[in-house]
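Q: Dropping the sequence and predicted coords here.
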Amino acid sequence: MRQSQVVGYDGFELDGVSVRAGERTRLDDVSLRIPAEGITVLAGASGAGKSTLLRLLNRLDVPTRGTIAWRGANLDDVDVLAHRRTVGMVFQQPTVVPGTVADNLRLAAPELGDAEAVVLLETAALDADFLDRDATALSGGERQRVCFARALATEPRVVLADEPTASLDPEATALVEQVVRTLAEPGRPNPVGWIWVSHDSRQTERLAHRVITLEAGRVIGSVS
Amino acid sequence: MIAASQVDIGLAGLALSGILVAVALVISFIRRLGLTRDLVVAALRALVQLLIVGAALALVVDDDDPLVWTWLWLVVMVVFASWTVGRRAPEVPGARVLALGAFTAAATVSLGVLFGLGVFEPTGRAIIPLAGMTVGNSMTGTVLASRRIVAEARDNRHLIEARLAVGLSARDAFAPHLRESLRTALVPQIESTKAVGIIALPGAMTGLILAGVDPVDAVRVQVAVMYLVLGSVATSTSVVALGLTRGIFTADHRLIDLGSEPLESS
């Protein structure tokens, strides 16, 4: 399922990207590169345009102007459903669909067997007992880890995460961060890159391989 | 059997029936519902519209009149109803075109069955009231279904986008919500069909009995009309569901911005 063929830059390339919503400019002429490996944190205050940028990357939104390319291919021209499976997404609110945890994982991978599902759960620091539990009845931290497992079920190359620990307690946050660090390790087979939105500077320090800082819809800094 | 003359109401009778509007007005006033103006406008508007319609109907329901006037009437009715849906569901993208398609489909299917199979004779006297029932009920169903679909999509954006984000198509991502919306639109119709005769005597039958028709004959007509209404509402809401699912998603499987709050219809 992984896209093995890379044409051009291995990651996202944004060229002159602007997003306007009514009178408001959410992103203003942003040009940057985000690699498909490691953990890239999009930092900045609330309203800086971090979430807007993230949503553009798996095409839940489109730019008003400018182009976005993934591995050399303009997102205007790619099969968007295939792209979303290559570039997973975890939202700020832990959003599970009604049904069991297994139902949630099979939403992303209908052919998923129980054994594979258990491996996914373990990757997301949940044990096998969770598989048949009602996903909507889990705690926030558990639901968010189900969302991570679901995003990983499509075997993505990169996962976009929009402040995914914002509603979690410190313990659950630490578990999630550990999962992310492990999956991003360059040495492991099929490492997963992360583009992680955070406004928490301590989390940024703990996680980031590189930090892109936004302010009022513009990139004001990029540090590796 | 009641003689038709016994149910003739003169202008005085009509005026006296207006007391019932006054009852509604008093309730609105006491309960501070803020509906006084709406009630007066609705009551007067209904009166004027029906008087005009009555006069116009007289021109087309005679057996000697050419059917072309009847069909023209039907077209005007469908267009007017579509325009009304657009006004009553302003938050629904492309509501007018959608409604136009829905009413055309509902009228084609239900009138096609009733006249095609010879249940009723295709005369102006039969076509216009039956088409009126079809379009009128479809209009209610269409407004209900389309507003419900938009509200479902708006309120469940997080769930829909969670499904889109794992690569589901717009149709698959929205399917559970569409099902819920259609149920919401159809259930009242099914419930009122179940309760018919026990709780409420339906309009067509009441009218026929008041006009002096034998109740058993009236019932036969009413049952056909009820089935017509069920078929029309099901057809029109399905067309709306299909069209609107396309309307609220883009070709590249994005849910369009539907605003954050429902707009009140004027």
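A: Okay, I see it. Residues are numbered from 1 along each chain as shown, chains lettered A, B, ... in the order given.
Q: in the chain, which spans are helices?
A: Using chain A here. Here chain A has its helices, by DSSP state H, at A:50-57, A:80-86, A:101-108, A:114-123, A:140-152, A:170-184, A:201-207.
Q: Chain B was what I was after
A: Counting by DSSP H, chain B has helices at residues B:11-17, B:19-30, B:36-60, B:67-88, B:95-116, B:124-155, B:157-165, B:170-195, B:203-210, B:215-248.
Q: Nearest to residue A:143, out of those helices?
A: Among the helices of chain B, helix B:157-165 comes nearest to residue A:143, with 11.1 Å by CB to CB. C-betas here are computed from N, CA, C, even on glycine.
Q: got the contact list for the closest one?
A: Defining contact as CB atoms under 8 Å, 6 or more residues apart in numbering or on different chains, one finds that helix B:157-165 is touched by A:58, A:60, A:84, A:88-89, A:91, A:93, A:95-97, A:107, A:147, A:151, B:153, B:170, B:172-174, B:177, B:253-255, B:258.
Q: ok, now with 6 Å
A: A:60, A:84, A:89, A:93, A:95, B:173, B:253, B:255 (CB atoms under 6 Å, 6 or more residues apart in numbering or on different chains).
Q: so what's the most centrally placed residue in chain A bridging to?
A: Geometric centre of chain A, nearest residue: residue A:160, 1.4 Å, by CA atoms, centre = their mean. For residue A:160, the beta-bridge partners under DSSP bridges are residue A:89, residue A:195.
Q: give the contact list for it.
A: Residue A:160 makes contacts with A:54, A:57, A:58, A:89, A:195, as judged by CB under 6 Å, 6+ apart.
Q: List just the nearest of these to chain B.
A: Lowest distance from chain B to these (CB to the nearest CB) belongs to residue A:89, with 4.1 Å.
Q: Verify the stated contact: that closest one with residue A:58.
A: Yes. The criterion here is CB atoms under 6 Å, and residue A:89 meets it with residue A:58 at 5.3 Å.
Q: follow-up on the earlier one: can I get the helices of chain B in JSON lines including mean neighbour count and mean pLDDT?
A: Shown next, in JSON lines, are those (neighbours: other CB atoms under 10 Å in any protein chain shown; pLDDT from 0 to 100):
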{"stretch": "helix B:11-17", "mean neighbour count": "10", "mean pLDDT": "88"}
{"stretch": "helix B:19-30", "mean neighbour count": "12", "mean pLDDT": "91"}
{"stretch": "helix B:36-60", "mean neighbour count": "12", "mean pLDDT": "89"}
{"stretch": "helix B:67-88", "mean neighbour count": "17", "mean pLDDT": "90"}
{"stretch": "helix B:95-116", "mean neighbour count": "21", "mean pLDDT": "92"}
{"stretch": "helix B:124-155", "mean neighbour count": "23", "mean pLDDT": "89"}
{"stretch": "helix B:157-165", "mean neighbour count": "21", "mean pLDDT": "96"}
{"stretch": "helix B:170-195", "mean neighbour count": "17", "mean pLDDT": "88"}
{"stretch": "helix B:203-210", "mean neighbour count": "17", "mean pLDDT": "85"}
{"stretch": "helix B:215-248", "mean neighbour count": "20", "mean pLDDT": "89"}
